[in-house]
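In: sharing a model prediction with you, sequence too.
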Amino acid sequence: MKDILTAPFLIEMVRTATNMYAHGWDERNGGNISLMLSEDEVKEYGDVKRVLRTIPTGFSAPDLDGKYFLVTGTGKYFKNVQYAPDVNLGLVKLIDGGTNAQLLWGFTDGGKFTSEFPAHMMSHAARLKVNPANRVVMHCHPTNLLAMTYVHTLDEKAFTRTLWQMCTECIVVFPDGVNVLPWMLCGTNEIGEATAEKMKTARLVVWAQHGLYGAGVDLDEAFGLIETAEKAAEIYMKIAHLPLVNTITDEEMHLLEGRFGVKAREGYLS
Ligand code: 2HA
Ligand code: ZN
């Protein structure tokens, strides 16, 4: 059996959490990541039959029954993941229709998965229906996107169009746009269900006055989506109070669609 600390998925998870912290998106215990793994990936690195603890999830997710997730722990700091991955991360398998999670590795201090586990699992289920290759859900508190939710309308089309107009690459990276939830109480099944609903039509979901969710086929895609949207929000926060002289026109957006083979969200361009 190989040491799980040498597993490429674990190394990439640690690097990603570290990088997100370095970007200032995950102060204190802010943010959480979940990465879906196959039994084949997991079994090389541990005994998948040896259950350390069984933890109730507080929700059901029948579509995810039997799936494995590497996930950040509740109350844990991204800053510390690289120094103690076995304390700050856990590997769980969902059973009983997703109502229970078997802990197979990690959370060695007696901890458990993130308080946002419902939003993560429900989002995984939603994204898998859109793209069976989806593996990652990522939540964080990117400074400029958060700031933007205080000064910009939360209308999804308007919010998306503003971000697209801030950098040429935006429409190429997230042609599906960003969906937006109003402020809601975090850590609940309700915000989980609302997030999953929004994940049906976009890989980025803003939580107003809180942060952002991103989904992707791997950690790089989810990180890159968030990075690109946050960059656009940074430009917006630098220029929002200044007279706008130039922009990227819808005609130019259509040129980008053609050049990069992407299709902007239906009805979002004129
Ligand atoms: O886990 O970011 O939304 C800390 C959070 C909760
Ligand atoms: Zn948060």
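Out: Perfect, thanks for sending it. Ligands and ions are numbered 1, 2, ... in the order given.
In: which residue does the stretch 1-150 of the chain bring closest to ligand 1?
Out: Nearest residue of the stretch 1-150 of the chain to ligand 1 (C-beta to the nearest ligand atom) works out as residue 30 at 4.4 Å. In this view, the C-beta of every residue, glycine as well, is placed from N, C-alpha and C.
In: up against ligand 1, what does this structure have?
Out: 29, 30, 31, 32, 114, 115, 116, 139, 186 (C-beta under 6 Å from any ligand atom).
In: how about the contacts made by the second one?
Out: Remark: with contacts taken as C-beta atoms under 8 Å, 6 or more residues apart in numbering, residue 30 is in contact with 78, 140, 141, 211.
In: how about the one helix or strand residue 55 maps to: buried residues?
Out: Element membership for residue 55, per DSSP states H and E: strand 53-56. Across strand 53-56, burial judged by 16 or more other C-beta atoms under 10 Å covers residue 55.
In: spatially nearest residue to residue 90 (excluding sequence neighbours)?
Out: Spatial nearest neighbour of residue 90, excluding adjacent residues (C-beta to C-beta, 6 or more residues apart in numbering): residue 106 at 3.6 Å.
In: and what of residue 16?
Out: Residue 16 sits nearest to residue 219 (C-beta to C-beta, 6+ apart), 4.6 Å away.
In: who touches the one you found in this structure?
Out: Residues in contact with residue 219 (C-beta under 8 Å, 6+ apart) are 12, 13, 16, 33, 35, 136, 138.
In: try 6 Å
Out: 12, 16, 136 (C-beta atoms under 6 Å, 6 or more residues apart in numbering).
In: check contacts around the last one.
Out: Residues in contact with residue 136, defined by C-beta under 6 Å, 6+ apart, are 35, 216, 219, 222.
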